[in-house]
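Asker: no sequence on this one, just coordinates:
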């Protein structure tokens, strides 16, 4: 992240990925590319395979066919050491936080550092508190347990943990779902800040139209097992593919002129 | 930039006025920097140049440590100049700078006395809560007796099957083995006195009065009490209990009473089953070790073991059943937070149920000896 690379370099390349659960086909020859230092959003109706695709990108699940390259490494056949090395280079924020209930927030954030580095404990605690502050949480939150936090605080704490190892690539699963508008706006700002200041590449699943319109550089619409279209929201709103149109023409859709 | 193969971060003092930083100042490369920084001699008052030109990589952890080093040097009144840092590293250092002032809050560690006080208060609170839970259950049971139509027979029958019928194999096997052990341990002593036939007294009384109800209670506490705590605990974590309340269904009626009633029915039946198999195990051992045939054993058994001894054993079972079911459900309802808490409460339910069952058994012994039974 310290060496900003040419802007067009692909960080994630997905080609001809197919996934099925029994008879149910989730992806049928899906192609996708995410470039360095861009904020990329995946959208699509329920069951369109967004979460499955995310899980495949972060090595929690394997596609039945096709190849996925992340940070220049093919995920097809990785050894244990390569898998670990790759996992240290990305951070994941799960939809429900995924924080460990038996650890305090500070311990949760410091866990990756404690596991994978030889840093001294006091330094790890300092770094964890700083990451906590960076995500906009009060210092006293660090001593609390995840069960004592509100939904918005959980997401921020989870994001702080995802950032613990200074990843080059950040995956966010529904970063604003279930948040009040003010907290959601805070997340918008945070995502932009991470990209602008640290040059992170961010891949997110979201249905938050504000996040999509104001933050995402490129958006890919998933449907019927393929990417139906990708580009900025303004570009997408100009297409007339019915599967994309329903995101703009539905009762809650938003015309491109209204926001901002 | 592969963070794993880079050279570790290092600091060297080439001249008294110059500090040279090198290597990879990242979370992975910083492991050995702490002692090096501490070993640095006090800086010269005239000023210090920090040369960052040979830093190969810098991340927020490295920037944090570097920032702290600079702050420390400046704090001692040294004029510090940083030079040679790559532009992108300098930018990262600036981002970290304003926040480096924030101090990590130290969580308060309670003293020994305070911890003791808190533990005592928590224990007392738990005892009160258990008592009030018992009261709530009794009230709910009384209401159900007044309106028998409110009793939920389907879950009761289901619980009788899972906690009772499904436990038959394990209860049977263990009480059979227990009978063998009791008979075997007694055999040596009895043979010395030529009192072989009294093995029927030994096995019959000990199994029927004590061991059968106790072994059944312990097995059921481990098998079903823990399951009750885990089930109710998980339901309260996933807000199912709250949902039940908002739908106007009393969780006690739906979750607790059927379990209590089912165990009160199943445990005496399991005890009778354990009686039979325990005595059978004793009979087999008596024939093998003491040459007491089945016929002789049973003739002596009928004389030695009164119906009272049998009834005492069976009467303990419903009391144990109430303890196991109430403690299991109580701990389930006390679950707060997440998966971790479910595990803790489940463990507690087994420990407390076992403890209370044995205490109750001891109280029974005292009461029966006072009553001359």
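Answerer: On my side now, so go ahead. What you are looking at is a predicted structure, and each value in this text was computed from that prediction instead of being measured.

Asker: how far does stretch A:240-247 sit from the chain's center?
Answerer: 24 Å (C-alpha atoms, centre = their mean, to the nearest Å).

Asker: ditto for stretch B:7-27
Answerer: That offset, for stretch B:7-27, works out to 49 Å (C-alpha atoms, centre = their mean).

Asker: Which element, helix or strand, includes the closest residue to residue B:301 other than its chain neighbours?
Answerer: Among residues not flanking residue B:301 along the chain, residue B:200 sits closest, at 4.5 Å (C-beta to C-beta, 6 or more residues apart in numbering or on different chains). C-betas here are computed from N, CA, C, even on glycine. Assigned by DSSP states H and E, residue B:200 belongs to helix B:199-205.

Asker: which residues sit against that helix?
Answerer: Outside helix B:199-205, the residues that touch it by C-beta atoms under 8 Å, 6 or more residues apart in numbering or on different chains are B:179, B:182-183, B:186-187, B:190, B:278-279, B:282-283, B:286, B:290, B:292, B:297-298, B:300-301, B:304-305, B:309.

Asker: Neighbours of the residue nearest to residue B:301, how many?
Answerer: Residue B:200 has 25 neighbours, counted by other C-beta atoms under 10 Å in any protein chain shown.

Asker: do the same with residue B:318
Answerer: Counted with other C-beta under 10 Å, the neighbours of residue B:318 add up to 18.

Asker: Quick check: PyMOL command selecting the buried ones in the contacts of helix B:199-205.
Answerer: Buried subset of the contacts of helix B:199-205, written as a PyMOL selection, criterion 16 or more other C-beta atoms under 10 Å in any protein chain shown:
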select buried, chain B and resi 179+182+183+186+187+190+278+279+282+283+286+290+292+297+300+301+304+305+309
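
Asker: pLDDT at residue B:197, what is it?
Answerer: Note on residue B:197: pLDDT of 90.

Asker: you'd agree residue B:13 is in a strand?
Answerer: Yes: assigned with DSSP: H, G, I helix; E, B strand; the rest coil, residue B:13 falls within a strand.

Asker: Does anything pack onto the helix or strand residue A:127 falls within? Which helices or strands?
Answerer: Take DSSP H and E as the rule and residue A:127 turns out to sit in helix A:121-134. Helices and strands touching helix A:121-134, by 3 or more C-beta pairs under 8 Å, 6 or more residues apart in numbering or on different chains; DSSP states H and E, are helix A:105-116, helix A:151-162, helix B:60-75, helix B:87-99.

Asker: nearest to residue A:20, of those helices?
Answerer: Ranking those by proximity to residue A:20 (C-beta to C-beta) places helix A:151-162 first, at 29.6 Å.

Asker: buried stuff in the closest one?
Answerer: A:152-162.

Asker: Relative to residue B:347, which of those is nearest.
Answerer: Closest approach between the buried residues of helix A:151-162 and residue B:347, by C-beta to C-beta: residue A:154, at 26.0 Å.

Asker: what ranges do the strands span in the chain?
Answerer: Defaulting to chain A. Using DSSP state E, the strands of chain A run over residues A:10-21, A:24-35, A:39-44, A:65-70, A:73-74, A:90-93, A:169-173, A:201-205, A:218-223, A:226-231.

Asker: Chain B, not that one
Answerer: Along chain B, the stretches classed as strands by DSSP E are B:10-15, B:18-25, B:48-58, B:80-83.

Asker: ok, back up a step: can you list which of the contacts of helix B:199-205 are found in helices?
Answerer: Taking DSSP state H as the definition of helices, the contacts of helix B:199-205 contribute B:179, B:182-183, B:186-187, B:190, B:278-279, B:282-283, B:286, B:290, B:297-298, B:300-301, B:304, B:309.

Asker: Who are the contact partners of the closest residue in space to residue B:283 that isn't next to it in sequence?
Answerer: Nearest residue to residue B:283, sequence neighbours excluded (C-beta to C-beta, 6+ apart): residue B:297, at 5.0 Å. Taking C-beta under 8 Å, 6+ apart, we find residue B:297 in contact with B:197, B:199-200, B:282-283, B:286-287.

Asker: Any chance of JSON lines for the residues you listed, columns distance to residue A:70?
Answerer: Output for the contacts of residue B:297, formatted as JSON lines (distance: C-beta to C-beta, whole Å):
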{"residue": "B:197", "distance to residue A:70": "80"}
{"residue": "B:199", "distance to residue A:70": "73"}
{"residue": "B:200", "distance to residue A:70": "75"}
{"residue": "B:282", "distance to residue A:70": "67"}
{"residue": "B:283", "distance to residue A:70": "70"}
{"residue": "B:286", "distance to residue A:70": "72"}
{"residue": "B:287", "distance to residue A:70": "72"}
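
Asker: From those residues, pick the one nearest chain A.
Answerer: residue B:282 (46.8 Å; C-beta to the nearest C-beta).

Asker: From residue B:182, how far out is the closest residue to the closest one other than its chain neighbours?
Answerer: Spatial nearest neighbour of residue B:282, chain neighbours left out: residue B:203 (3.2 Å); criterion: C-beta to C-beta, 6+ apart. According to C-beta to C-beta, to the nearest Å, residue B:203 and residue B:182 sit 6 Å apart.

Asker: cool, residue B:19 as well?
Answerer: Residue B:19 sits 79 Å away from residue B:182, going by C-beta to C-beta.

Asker: next one: phi and psi at whatever residue of chain B ends up closest to chain A?
Answerer: Residue of chain B nearest chain A, by C-beta to the nearest C-beta: residue B:31 (2.7 Å). Dihedral pair for residue B:31: phi -50, psi -40, per degrees, to the nearest 10.

Asker: any idea what sits nearest it, other than its immediate chain neighbours?
Answerer: Per C-beta to C-beta, 6+ apart, closest to residue B:31 is residue A:118, 2.7 Å.

Asker: What about the nearest residue to residue A:12 once chain neighbours are set aside, how many residues nearby?
Answerer: Leaving out its chain neighbours, the residue that sits closest to residue A:12 by C-beta to C-beta, 6+ apart is residue A:34, at 4.0 Å. By the criterion of other C-beta under 10 Å, residue A:34 has 23 neighbours.

Asker: Please apply the same query to residue A:82.
Answerer: Neighbour number of residue A:82 under other C-beta under 10 Å is 13.

Asker: Point out the residues in chain A that sit beside chain B.
Answerer: With C-beta under 8 Å from any C-beta of the partner chain as the criterion, chain A meets chain B at residues A:1-4, A:85, A:88-89, A:100-102, A:104, A:106, A:113, A:116-120, A:123, A:125-131, A:133-134, A:139-140, A:142-143, A:145-148, A:165-166, A:197-198.
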